[in-house]
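Asks: This is the structure alone, sequence omitted:
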DNA sequence: AAGGAAGCTGAAAATTAGCTGAAAGAGGCC
DNA sequence: GGCCTCTTTCAGCTAATTTTCAGCTTCCTT
């Protein structure tokens, strides 16, 4: 597996916090959260995140202040601020105070994700770069998986699943584990969905004999690179 | 066997505690237990476990708090939390407080085992590695047993049984014991099933003379490495 | 050598895991 | 709205696996 990228989320609204956290964990990031500025400073010290996502409007210390303090403490983290539509002039203020990027509420999760990745590429290029594993190449930047030189046409879930399987090739992964890692902890559905997606991947990989993605009855699945 | 891996179990229900302890000891782990959070903190300090398995719901200090305190005390341990189905949002909370993984009750023992091993691999890779015993190699990651260089094709039960026999080679194992360890304490069937499976293993190992898996009439079976 | 207990064996019966195709549901987009 | 893709559920199917069982062999005891 690649090195874990750590993100600290700071927002006073538990809803948003939870929503973002689940989404980001699901994307494979290591996530910590804090409900206010003070906590955030403390957590950041121990957690040393690569990225801090900061709500501007918070009770107590506001986002700008947190940002300033982080930088003062020598944090390497890139800071992305979340700001409401009618606080646009804050943008100027924010940039001068060290924030690296902005996302205006309401925003789509995909947009935030894109910003995060853009930042990471700028700030921590070493963490990036596509991985080649056997006949696979995983290009996170392009969100592509290349198999035997050809780009696979995958749905988002298929992509995540295959990525997870390939990065953990040679290891048996139970359906429950896969469900947790790919679908997330709160997924309420049946394990059968894993089977369905495995099938779809096998189809797209031309793995008719189930040699690439092997089934270990009663145990799970394992990718064997040929 | 990885004899020196230490696990601390914390749960207020004696049933569960005992059940898990037996299972884990059986798997070769060194196990300590604690019935509540306070005790757990104390035990952890002396025992310095590699893994702590924590029930979330406990009288007195709850799992989250214990987790936090452990980390504060500089514990290296990975923390796996046990949480009830309807406490799913706790998952989110837990991860931010330092737990490394979750298992949702009710869970199978196998599932917990898989999580433990996954964690160990992440956190203490040096402790890991497949075991070679005589002509056998047991690779738990791949869930494979190699005999004389060839991968054995085993059903789940066959795999467990052979693994248990080989790890305890040289020791006579009674059918009752085997039944308990491989089939579980609640198995209601006949001991004959052990004979049936032993036979199947002998077949697959080419052990026609019963020299590898020896029968000790009235006592049990013993694996003799040649 | 007979009788009985313990273990072996092959096959049948019962159970279950995983596969599959199709259909229903959920969003997003024009 | 209507159309698209993607996700999820579902039920029937298949085949692997587990379990039972009855008859057989082997070994021990007397």
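Replies: In hand now; what should we look at? Only a predicted model underlies this, so the values are computations on that prediction, with no experimental measurement involved.
Asks: rest of the way, CA atoms for contacts and neighbours
Replies: OK.
Asks: Walking through chain A, point out its helices one by one.
Replies: A:14-26, A:37-47, A:63-72, A:89-96, A:109-123, A:156-167, A:175-178, A:192-205 (DSSP state H).
Asks: Mean pLDDT lowest where, among the ones you listed?
Replies: Lowest mean pLDDT within these: helix A:89-96, at a mean of 50.
Asks: Can you tell me which of the helices of chain A is nearest to residue B:68?
Replies: Comparing the helices of chain A against residue B:68 with C-alpha to C-alpha, the closest turns out to be helix A:37-47 (12.2 Å).
Asks: how close does the spatially most central residue of chain A get to DNA strand D?
Replies: Against the mean C-alpha coordinate of chain A, by C-alpha atoms, centre = their mean, the closest residue is residue A:27 at 3.0 Å. Distance of residue A:27 to DNA strand D, computed by C-alpha to the nearest atom of the strand, to the nearest Å: 13 Å.
Asks: quick one, what contacts that residue?
Replies: Contact analysis of residue A:27 by C-alpha atoms under 8 Å, 6 or more residues apart in numbering or on different chains lists nothing.
Asks: do you know which of the helices of chain A lies nearest residue A:6?
Replies: Nearest of the helices of chain A to residue A:6, taken as C-alpha to C-alpha: helix A:37-47 at 7.9 Å.
Asks: orientation of that closest one relative to helix A:63-72 in degrees?
Replies: For helix A:37-47 against helix A:63-72, the angle between stretch directions is 30 degrees (axes from the mean of the first three to the mean of the last three C-alpha atoms, to 10 degrees).
Asks: centre of the chain versus helix A:37-47, how much separation?
Replies: Distance of helix A:37-47 from the chain centroid (C-alpha atoms, centre = their mean, to the nearest Å) equals 20 Å.
Asks: how about it against chain B, any contact?
Replies: No - Helix A:37-47 lies out of reach of chain B by C-alpha under 8 Å from any C-alpha of the partner chain, never closer than 9.8 Å.
Asks: So which elements touch that helix?
Replies: For helix A:37-47, the elements it packs on are strand A:6-10, strand A:30-34, helix A:63-72, judged by 3 or more C-alpha pairs under 8 Å, 6 or more residues apart in numbering or on different chains; DSSP states H and E.
Asks: mind redoing it with 6 Å?
Replies: Helices and strands touching helix A:37-47, as assessed by 3 or more C-alpha pairs under 6 Å, 6 or more residues apart in numbering or on different chains; DSSP states H and E, are absent.
Asks: Give me the buried positions along it.
Replies: Using 16 or more other C-alpha atoms under 10 Å in any protein chain shown as the test for burial, helix A:37-47 gives A:37, A:40-41, A:43-44, A:47.
Asks: ok, back up a step: turn the helices of chain A into JSON lines, including distance to residue B:159.
Replies: JSON lines is the format used below for those (distance: least, C-alpha to C-alpha, whole Å):
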{"stretch": "helix A:14-26", "distance to residue B:159": "33"}
{"stretch": "helix A:37-47", "distance to residue B:159": "41"}
{"stretch": "helix A:63-72", "distance to residue B:159": "53"}
{"stretch": "helix A:89-96", "distance to residue B:159": "60"}
{"stretch": "helix A:109-123", "distance to residue B:159": "43"}
{"stretch": "helix A:156-167", "distance to residue B:159": "23"}
{"stretch": "helix A:175-178", "distance to residue B:159": "19"}
{"stretch": "helix A:192-205", "distance to residue B:159": "23"}
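Asks: Out of these, flag the one nearest residue B:118.
Replies: Evaluated over the helices of chain A, closeness to residue B:118 peaks at helix A:175-178, with 9.8 Å, by C-alpha to C-alpha.
Asks: For the closest one, give me every contacting residue.
Replies: The contact list for helix A:175-178, computed with C-alpha atoms under 6 Å, 6 or more residues apart in numbering or on different chains, reads residue A:220.
Asks: next one: it to chain centre, how far?
Replies: Computed by C-alpha atoms, centre = their mean, the chain-centroid distance of helix A:175-178 equals 19 Å.
Asks: Quick one: the helices of chain A as CSV, columns for distance to DNA strand C too.
Replies: As requested, the helices of chain A are exported to CSV (distance: least, C-alpha to the nearest atom of the strand, whole Å):
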stretch, distance to DNA strand C
helix A:14-26, 13
helix A:37-47, 30
helix A:63-72, 28
helix A:89-96, 26
helix A:109-123, 9
helix A:156-167, 12
helix A:175-178, 7
helix A:192-205, 4
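Asks: Mind checking those helices for the one nearest to residue B:157?
Replies: Comparison of the helices of chain A against residue B:157 by C-alpha to C-alpha identifies helix A:175-178 as nearest, at 18.2 Å.
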